[in-house]
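> Following is a predicted model, sequence given first.
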Amino acid sequence: MKRVQFEHSAIPYLFVAPQIIIIVVFFLWPAAQAIYQSFLLEDAFGLSSQFVWFRNYEDTILSESWLQAAGFTVLFSALVTFLSLALALLLAVKANEVIRGASTYKTTLMWAYAIAPPVAGLMGNLMFNPLIGDLYKFLNAIGWDFNHKLDSFDAGFVVVLISVWKQVSVNFIFFLSGLQGIPKSVLEASLMDCKSSLRRFWTITFPLLAPTTFFLMVINITYAFFETFGIIDTTTRGAPGGATTTLVFKVFQDGFRGADIGGSSAQSVVLMIMVLALTVVQFRFIERKVHY
Amino acid sequence: MKQLNWRVITTHTICIIGVIFMSLPVWIAFATSTHSAETILRNGLQFWPGSDFLPTYHEALFVEGGVMKSVLGITMLKNSLILGLGFAIGKVIISMLAAYAIVYFRFRLALPLFWIIFMTLLLPLEVRIIPSYEVVSGLGLLDTHAGLIIPLIASATGTFFFRQFFLSVPDELLEAARLDGATAWGFFIDILVPLSKTMIAAILIIMFVVGWNQYLWPLIMTTKEENYTLVIGIKQIYQILADGGELPQYQKAFALTILATLPPVLVVLVFQNWFVKGLVESEK
């Protein structure tokens, strides 16, 4: 809050009005609708609906396919988050050490940020195409009986690989800016005390990067939950047998393809609760960072 | 000395492997897009550019039935540009105005309104997708630019970004401006906006890329081919390849991929410093 402000008048309301109107019409109202519809059961023709309390939740959330999707989403998010963070951290540390050519590395490692997930998905899909895909041929040539259309492990491998590839650059940018924020004097002091560069990294640099890492974890989990929709929709589409269906993909599938509005809404509400939990975690962390 | 050299070599090796890992798929996509469908089917993906660059990209951009059934590549490019620019500009205007009100005015509803804006963080499009679709179709906005852009622009990220920046502007500026008799609007447009130029540039770049790359919303919002963006065109290409035909037109799929990638990548490369600044500061 500013110490000096304009006096009370109608003007501030005019300034916030556009944003608030859009939020009410396109955010709050649809969200309220989702919550309301999650308690309704429509008949097959969508003509009448009936208030059924938590039956949609029971029917969808406890169903085998939802639990399968939830299990996959958790495993998938953990893998994507861990792998893309680890890879990005390694690259950021190395790119930060380089003296000659640093800006070239920086540019060529971060530009993939601009590629849309579905575009990355289609590219990966063609690389794994059984007819022309080099990766498909390569994996089979080295003795891995690879078939992502039939084998659920292989399908998972494809979506994880593409999702990690797409996310490395964002993490790289944040890690690099985090590394550049570490005071030179701290690093020089540590150089005096400790010869092993690996130990210096784990005892000095990594703890100093903790706020960045923690924040990126939240970002990456959100990415794996929501933004990978475009990757899954252009590669496996949840196949084989729902093995690579994430929760968001299932909301879309059940709501638009299956026209199960109640069940899809119930799933949306569960996702909202998950986002809420993530946000709470994020804000508790930010509060801590202030005291740092 | 010898040890040092080894360190330098490993460092560079790791960086180069990283660069190859990040760039090779895109390079292969580009190289393959310049070959004929027959070559690709016979010999697989290509590593070196071929001779079909002009015919393929010309067909993808300007020939009816080249890629989609009825829509031209150039039309999709235009739609993508409108979405990217409209999203970025709309978001900057709306969030600057809101942030200005919240930071510079004392009014009763300031706090509740701030929380309403904050709540949008809890409501990603994906969790309210079906009711959002119903609202937009109820307003008759399906297949329009407004219906495509407006529901996307009100999220809190931009508002927080400008709020943070306005809070860092010295209070003395407003005191001085008020002594000179500046009105609320005058202070905003003559002092705050020029002061925020770099911030505006940074957020415009990020949001252009974000808008250009939108997928799920345009996917359900556009039913007519002529309203497709390039990123949505990708999806249809995938469909066509999956359905199979006499001779799969892989080179067109790759060409469309490259076309959908090029503008945002160029923006990021050209405005690299602003882009990094915007990304790092807007996510905080």
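Happy to help now that I have it.

> Next SSE downstream of the helix or strand of chain B with the lowest mean pLDDT?
When each helix and strand of chain B is scored by mean pLDDT, DSSP states H and E, helix B:230-243 comes last, with a mean of 76. Counting by DSSP states H and E, the next helix or strand C-terminal to helix B:230-243 is helix B:250-270.

> so how far is the helix or strand hosting A:Leu176 from its chain's centroid?
Secondary structure assigned from DSSP H and E places A:Leu176 in helix A:152-180. Averaged C-alpha coordinates place helix A:152-180 at 10 Å from its chain's average position (C-alpha atoms, centre = their mean, to the nearest Å).

> so A:Ile115 touches B:Ser23, yeah?
No. The criterion here is C-beta atoms under 8 Å, and A:Ile115 misses it with B:Ser23 at 11.0 Å. Every C-beta, even on glycine, is put in place using the N, C-alpha and C of the backbone.

> These two: which is more packed in?
Ranked by neighbour count (other C-beta atoms under 10 Å in any protein chain shown), A:Ile115 and B:Ser23 place A:Ile115 first, with 25 against 14.

> Apart from its chain neighbours, what residue comes closest to the more buried one?
Using C-beta to C-beta, 6 or more residues apart in numbering or on different chains and skipping residues adjacent in sequence, the residue nearest A:Ile115 is B:Thr261, 5.4 Å away.

> Could you give the number of residues near the one you found?
B:Thr261: 26 surrounding residues under other C-beta under 10 Å.

> just checking, what packs against whichever strand or helix holds B:Leu204?
If you go by DSSP H and E, B:Leu204 is part of helix B:197-212. Packing partners of helix B:197-212 (3 or more C-beta pairs under 8 Å, 6 or more residues apart in numbering or on different chains; DSSP states H and E): helix B:73-104, helix B:157-168, helix B:250-270, helix B:272-282.

> okay, that helix in CSV with CA atoms only?
Extracted in CSV, the C-alpha atoms of helix B:197-212 (Å, rounded to 0.1, in the frame of the first residue of the first chain):
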residue,chain,number,x,y,z
LYS,B,197,7.9,1.2,-20.6
THR,B,198,10.4,-1.6,-20.1
MET,B,199,7.9,-3.5,-17.9
ILE,B,200,5.3,-3.1,-20.6
ALA,B,201,7.7,-4.4,-23.3
ALA,B,202,8.7,-7.3,-21.1
ILE,B,203,5.2,-8.4,-20.4
LEU,B,204,4.0,-7.9,-23.9
ILE,B,205,6.7,-10.3,-25.2
ILE,B,206,5.9,-13.0,-22.7
MET,B,207,2.1,-12.7,-23.2
PHE,B,208,2.5,-12.7,-27.0
VAL,B,209,4.2,-16.1,-26.8
VAL,B,210,1.6,-17.3,-24.3
GLY,B,211,-1.3,-16.1,-26.4
TRP,B,212,0.2,-17.5,-29.6
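
> List the residues that contact residue 95.
Using chain A. Shown in contact with A:Ala95 (C-beta atoms under 8 Å, 6 or more residues apart in numbering or on different chains): A:Ala102, A:Tyr105, A:Lys106, A:Leu109, A:Phe172, A:Leu176, B:Cys15, B:Gly18.

> I was thinking of chain B, sorry if that wasn't clear
Listed by C-beta under 8 Å, 6+ apart, the contact partners of B:Ser95 are A:Gln19, B:Thr157, B:Gly158, B:Thr159, B:Phe161, B:Phe162.

> can you rerun that using 7 Å?
Contact analysis of B:Ser95 by C-beta atoms under 7 Å, 6 or more residues apart in numbering or on different chains lists A:Gln19, B:Gly158, B:Thr159, B:Phe162.

> Likewise for A:Cys194?
Counted by C-beta under 7 Å, 6+ apart, A:Cys194 has contacts A:Arg200.

> go again using 8 Å as the cut-off
A:Cys194 neighbours (C-beta under 8 Å, 6+ apart): A:Arg200, A:Thr203, A:Ile204.

> State the phi and psi torsions of it.
Dihedral pair for A:Cys194: phi -140, psi 130, per degrees, to the nearest 10.

> before we move on, the earlier item: can you list the contacts of A:Cys194 in TSV and add neighbour count, distance to chain B and pLDDT?
As requested, the contacts of A:Cys194 are exported to TSV (neighbours: other C-beta atoms under 10 Å in any protein chain shown; distance: C-beta to the nearest C-beta, whole Å; pLDDT from 0 to 100):
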residue	neighbour count	distance to chain B	pLDDT
A:Arg200	16	13	85
A:Thr203	14	19	85
A:Ile204	18	17	84
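
> Out of those, flag the one nearest to B:Gly50.
Nearest to B:Gly50, judged by C-beta to C-beta, of the contacts of A:Cys194 is A:Arg200 at 49.1 Å.

> and that closest one, helix, strand or coil?
Assigned with DSSP: H, G, I helix; E, B strand; the rest coil, A:Arg200 falls in the helix class.

> if I pick the residue nearest the centre of chain A, what's in contact with it?
Closest to where the C-alpha atoms of chain A average out (C-alpha atoms, centre = their mean) is A:Tyr223, at 1.1 Å. Contact analysis of A:Tyr223 by C-beta under 8 Å, 6+ apart lists A:Val80, A:Ser163, A:Gln167, A:Val170.

> Can I get these in TSV including neighbour count?
Compiled in TSV, the contacts of A:Tyr223 are given as follows (neighbours: other C-beta atoms under 10 Å in any protein chain shown):
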residue	neighbour count
A:Val80	25
A:Ser163	29
A:Gln167	28
A:Val170	20
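
> out of these, which touch chain B?
Contacts with chain B within the contacts of A:Tyr223, counted by C-beta under 8 Å from any C-beta of the partner chain: A:Val170.

> got the contacts of A:Tyr223 as CSV, with distance to B:Arg7 and pLDDT columns?
CSV is the format used below for those (distance: C-beta to C-beta, whole Å; pLDDT from 0 to 100):
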residue, distance to B:Arg7, pLDDT
A:Val80, 31, 95
A:Ser163, 32, 95
A:Gln167, 28, 94
A:Val170, 28, 91
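
> The nearest residue to A:Gly178 once chain neighbours are set aside: neighbour count?
With sequence-adjacent residues excluded and distances taken as C-beta to C-beta, 6+ apart, A:Gly178 is closest to A:Thr212, at 3.7 Å. A count of neighbours around A:Thr212, defined by other C-beta under 10 Å, yields 21.

> what do you get for B:Lys197?
9.

> Tell me how far it lies from chain A.
Using C-beta to the nearest C-beta, to the nearest Å, we find B:Lys197 at a distance of 20 Å from chain A.

> Can stretch B:18-30 be said to contact chain A?
Yes. Stretch B:18-30 lies within reach of chain A by C-beta under 8 Å from any C-beta, at B:Gly18, B:Val19, B:Phe21, B:Met22, B:Ser23, B:Pro25, B:Val26, B:Ile28, B:Ala29.

> So what's the gap between stretch A:62-69 and the chain middle?
From the chain centre to the centre of stretch A:62-69 is a distance of 21 Å (C-alpha atoms, centre = their mean).

> quick revisit: quick check on the residues of stretch B:18-30 next to chain A: which are buried?
B:Gly18, B:Val19, B:Phe21, B:Met22, B:Pro25, B:Val26, B:Ile28, B:Ala29 (16 or more other C-beta atoms under 10 Å in any protein chain shown).

> Export those residues to TSV and append columns for pLDDT.
Formatted as TSV, these follow (pLDDT from 0 to 100):
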residue	pLDDT
B:Gly18	89
B:Val19	90
B:Phe21	89
B:Met22	89
B:Pro25	88
B:Val26	89
B:Ile28	87
B:Ala29	87
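
> In helices, which of those residues fall?
Among those, the residues falling in helices (DSSP state H) are B:Gly18, B:Val19, B:Phe21, B:Met22, B:Pro25, B:Val26, B:Ile28, B:Ala29.

> The fourth one is in contact with A:Trp165, isn't it?
Yes. With contact defined as C-beta under 8 Å, B:Met22 and A:Trp165 form a contacting pair (7.3 Å).

> that older thread, just among the contacts of B:Ser95, which is most surrounded?
In terms of neighbour count, A:Gln19 stands highest of the contacts of B:Ser95 at 29 neighbours, by other C-beta under 10 Å.
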